[in-house]
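> below are the sequence and a predicted model for it; my questions follow.
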Amino acid sequence: MAEAEGLQEACGVFGVVAGGEWPTTLDVAHTTAFALVGLQHRGQESAGIVTSYGDDPHKIFCHKEMGLVNTVFDDHALSRLKGNLAIGHTRYSTAGGSQLVNCQPFVVDTMHGLIAVAHNGELVNAKMLREKVLQRGVGLSTKSDSELMTQLLCLSPPESEESGPDWPARIRQFMSESQTSYCVLLYFGDKIYAFRDPYGNRPLCLGKLMGSPGGRISDSQNDNAECDGYVVSSESCVFTCIGAAYHREVLPGEIVEISRSGFKSVCVVPRAEDRKAAFCIFEYVYFARPDSIFEGQMVYNARFRCGEMLAKELPVKADLVSTVPESATPAALGFSKQAGIPYVEVLCKNRYVGRTFIQPSLRLRQIGVAKKFGPLTENFRGKRVVLIDDSIVRGNTMAPIVGLLKQSGAKEVHVRVASPPIKYPCYMGINIPTKEELIANKLSLDKLSVYLGADSVGYLSVDGLVTAVQEGIPNKTKGTGHCTACLTANYPVELEW
Ligand code: SF4
């Protein structure tokens with residue numbers, strides 16, 4: 001329910017390069033549009049696709065607009081996006097406003113030809129980098145840190161460049177200047193470069209188009225095994241619908257070159273020796289689709305274990321376990337299994353209401369909730385309900401829901417939250433309300449319980465969350481690590497704020 005309360009992911013990226021001989025019969029524009037629909041949960045403000053034949057660095061096709069993927073790309077728009085390779089982007093704005101000028105991919109003309117850049121994340125040292133770029137006489141037309149990154153990549157060609165731009169060297173240079181947070185696709189010529197910041201803050205994975213859509217997960221560990229095409233995506237959930245098999249993740253700090261002959265790992269740029277990786281733990285809690293795979297485990301299973309852990313930490317005597325549909329369902333099922341209390345649905349969601357905007361008064365919030373959820377009264381009348389949510393941000397949606405259940409006959413409502421209290425801002429790509437707006441900074445647990453009208457309330461601990469997530473990671477390495485800064489104020493890098 002975090003989205004309704006103002007917690008927003010900040011973009012999804014996707015890229016595809018047709019394999020084998022070119023010209024290809026693969027429709028890279030439709031493939032990208034289908035994938036972007038699968039990444040729609042990562043950004044709903046705008047969408048864009050750039051395509052190219054890959055034989056002329058001065059010729060690309062680009063279409064980007066404000067709006068959802070399905071409204072931005074109709075058949076006419078897609079038919080004009082021709083080529084053998086493509087990159088695409090869905091956006092929710094953090095740095096830079098929600099305007100057409102900030103839509104991605106960013107396209108910039110250089111002396112060597114056009115480049116296009118799609119970025120997920122937020123540069124923690126954007127202010128310093130902006131000054132540096134401006135001091136070098138480069139104008140910036142937006143406040144977007146993605147435009148800033150694009151210009152930085154165009155600047156400072158390393159001394160060794162004699163026969164055209166050395167993009168890996170430029171990317172390494174950029175990575176040495178900014179360590180987080182970014183997953184980026186850079187298109188130039190007949191290649192896409194995919195790179196992930198050394199902290200691995202946002203997700204990025206590789207896949208192979210193996211023919212018709214299906215459910216295959218991992219067909220080949222060989223980077224260059226023949227296939228219809230090579231894809232890169234913020235999340236693996238899109239692979240099934242485009243007929244791709246999951247290959248592997250892009251490693252923190254890794255630069256991968258994607259061409260018609262396959263993936264080539266160019267290098268892995270290290271982070272500071274004393275620092276751990278900082279993959280955003282909220283990708284597991286809420287942002288990502290449950291069918292995506294991160295760090296070798298399915299997000300759904302991590303959420304299920306968070307629910308189990310919550311039941312161990314905060315048991316409660318009750319008749320049934322339920323949830324606010326539907327992002328916390330895996331956690332509710334985990335709680336139910338661990339507690340031995342049946343899972344029963346208590347709310348029916350009206351799928352046509354759309355987004356719940358933040359309402360200014362309790363009465364309007366109650367109307368908003370009543371419009372969105374119908375109580376399944378016979379399932380819980382006279383019963384003690386444990387209501388699971390994935391997170392509480394402002395707390396203004398949960399109170400009317402608890403009220404609705406109580407008015408409809410619930411004997412008791414105990415709220416359990418499958419993540420710890422959110423107390424601090426995120427500077428790495430997630431839009432979190434101000435410190436003052438966060439309910440965890442305003443009310444103690446007792447007062448929160450009264451505010452929500454609940455019989456009790458409890459959050460999963462930080463240790464519980466980290467344990468539940470890390471338990472499912474196979475082959476944990478020294479570098480495994482997760483950002484928990486919005487819960488603990490332990491930011492993975494020095495901030496410039
Ligand atoms: S501060 Fe929170 S939301 Fe931001 S990257 Fe870290 S865990 Fe994710």
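Arrived safely, thanks for sending.

> which residues sit in contact with the one residue in the stretch 251-400 of the chain that gets nearest to the ligand?
Taking Cβ to the nearest ligand atom, the ligand has its nearest neighbour within the stretch 251-400 of the chain at Cys280, 3.2 Å off. Any C-beta I mention is one placed from the backbone N, CA and C, and that applies to glycine too. Residues counted as contacts of Cys280 (Cβ atoms under 8 Å, 6 or more residues apart in numbering) are 201-202, 287, 428-430, 482-483.

> okay, Glu437 and the ligand: tell me how far apart.
As for Glu437, its distance to the ligand is 15 Å (criterion: Cβ to the nearest ligand atom, to the nearest Å).

> for that residue, give me phi and psi.
In terms of degrees, to the nearest 10, the main-chain angles of Glu437 are phi -80, psi -20.

> which strand residues bridge Val184?
Beta-bridge pairing of Val184 under DSSP bridges involves His119, Phe195.

> residues contacting it?
13, 117-121, 149, 193-196.

> give me the beta-bridge partners of the residue of the stretch 251-400 of the chain closest to the ligand?
For Cys280, the residues forming beta bridges with it (DSSP bridges) are Cys483.

> for Val232, same thing?
Val232 has the following beta-bridge partners by DSSP bridges: Gly15, Leu206.

> count the residues that sit near it.
Under the neighbour criterion other Cβ atoms under 10 Å, Val232 is assigned a count of 25.

> before we move on, what about Val266?
Other residues lying near Val266 total 16 when counted by other Cβ under 10 Å.

> over to Thr434?
By the measure other Cβ under 10 Å, the count of residues near Thr434 is 9.

> what's the pLDDT at it?
The per-residue pLDDT reported for Thr434 equals 83.

> for the nearest residue to it once chain neighbours are set aside, which three-state class applies?
Spatial nearest neighbour of Thr434, chain neighbours left out: Pro425 (7.4 Å); criterion: Cβ to Cβ, 6 or more residues apart in numbering. Using DSSP: H, G, I helix; E, B strand; the rest coil, the structure places Pro425 in coil.

> ok, now which ones touch Pro425?
By Cβ under 8 Å, 6+ apart, Pro425 lies in contact with 432, 434-435, 486.

> in CSV, list those residues along with distance to Asn222 and secondary structure.
Below are those laid out as CSV (distance: Cβ to Cβ, whole Å; DSSP: H, G, I helix; E, B strand; the rest coil):
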residue, distance to Asn222, secondary structure
Ile432, 41, coil
Thr434, 49, coil
Lys435, 49, helix
Cys486, 39, helix
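
> any of these buried? List them.
Under a neighbour-count criterion of 16 or more other Cβ atoms under 10 Å, the subset of the contacts of Pro425 counted as buried comprises 432, 486.

> so which of the contacts of Pro425 reach the ligand?
Contacts with the ligand within those, as defined by Cβ under 6 Å from any ligand atom: Cys486.

> could you dump the contacts of Pro425 into a markdown table and include distance to Gly54?
Listed next are those as a markdown table, based on distance: Cβ to Cβ, whole Å:
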| residue | distance to Gly54 |
| --- | --- |
| Ile432 | 40 |
| Thr434 | 45 |
| Lys435 | 48 |
| Cys486 | 41 |
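
> still on that earlier bit, quick check: the farthest pair among the contacts of Cys280?
The most widely separated members of the contacts of Cys280 are Gly429 and His482, with 14.7 Å between them, by Cβ to Cβ.

> of those two, who's got more company?
Taking Gly429 and His482 together and counting by other Cβ under 10 Å, Gly429 has the greater number of neighbours (27 against 23).

> tell me the SS of that one?
Put simply, Gly429 is coil when judged by three-state DSSP.

> next up, the contacts around it.
For Gly429, the contacting residues are 9-11, 94, 120-122, 181, 201-202, 280, by Cβ under 8 Å, 6+ apart.

> next SSE after the helix or strand harbouring Val385?
Secondary structure here is read from DSSP states H and E; on that basis Val385 sits in strand 384-389. Tracing the chain C-terminally past strand 384-389 and defining elements by DSSP H and E, one meets helix 398-407 next.

> helices along the stretch 1-150 of the chain, start to end?
When assigned using DSSP state H, counting those that start in this stretch, the helices of the stretch 1-150 of the chain occupy the ranges 28-38, 69-72, 75-79, 126-135, 145-154.

> can the ones you listed go into CSV with extra columns for mean pLDDT, mean neighbour count and distance to Lys371?
Formatted as CSV, the entries for the helices of the stretch 1-150 of the chain read as follows, by pLDDT from 0 to 100; neighbours: other Cβ atoms under 10 Å; distance: least, Cβ to Cβ, whole Å:
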stretch, mean pLDDT, mean neighbour count, distance to Lys371
helix 28-38, 97, 24, 26
helix 69-72, 95, 17, 23
helix 75-79, 95, 12, 33
helix 126-135, 91, 15, 39
helix 145-154, 89, 24, 36
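
> among these, which comes closest to Glu45?
helix 69-72 (10.5 Å).

> ok, then the element right after the longest helix seen in the chain?
In the chain, taking DSSP state H as the definition, the longest helix is helix 299-313. Next in sequence after helix 299-313, counting helices and strands by DSSP H and E, comes strand 320-323.

> quick one: low-confidence ranges for the stretch 101-250 of the chain?
Within the stretch 101-250 of the chain, the ranges that satisfy pLDDT under 70 run 156, 158-160, 211-221.

> Trp22 contacts Ser259, doesn't it?
No - under the criterion of Cβ atoms under 8 Å, Trp22 lies out of contact with Ser259, with a separation of 10.7 Å.

> closest one of the contacts of Gly429 to Ala77?
Distances from Ala77 to these, taken as Cβ to Cβ, are shortest for Cys11 (20.3 Å).

> isn't Val37 up against Thr71?
No - at 11.0 Å, Val37 does not count as touching Thr71 under the criterion of Cβ under 8 Å.

> what residues does the stretch 151-300 of the chain have near the ligand?
Residues of the stretch 151-300 of the chain lying near the ligand by Cβ under 6 Å from any ligand atom: 201, 280-282.

> type out the ChimeraX command that picks the buried ones from the residues you listed.
Command for ChimeraX that selects the buried part of these, burial taken from 16+ other Cβ under 10 Å:
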select :201,280,281,282
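
> any part of stretch 450-464 near the ligand?
No - for stretch 450-464 and the ligand, the contact criterion (Cβ under 6 Å from any ligand atom) is not met; the two come no nearer than 10.6 Å.

> can you give the contact residues for that stretch?
By Cβ under 8 Å, 6+ apart, the residues outside stretch 450-464 that reach it are 306, 309-310, 312-314, 316, 387, 392, 395, 398-399, 402-403, 406, 412-421, 439, 443, 445, 448-449, 468, 484, 487-488.

> which of those residues are buried? Put it as a ChimeraX command.
The following ChimeraX line selects those of the contacts of stretch 450-464 that are buried, judged by 16+ other Cβ under 10 Å:
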select :306,309,310,314,316,387,392,395,398,399,402,403,406,412,413,414,415,416,417,418,419,420,421,439,443,448,449,468,484,487
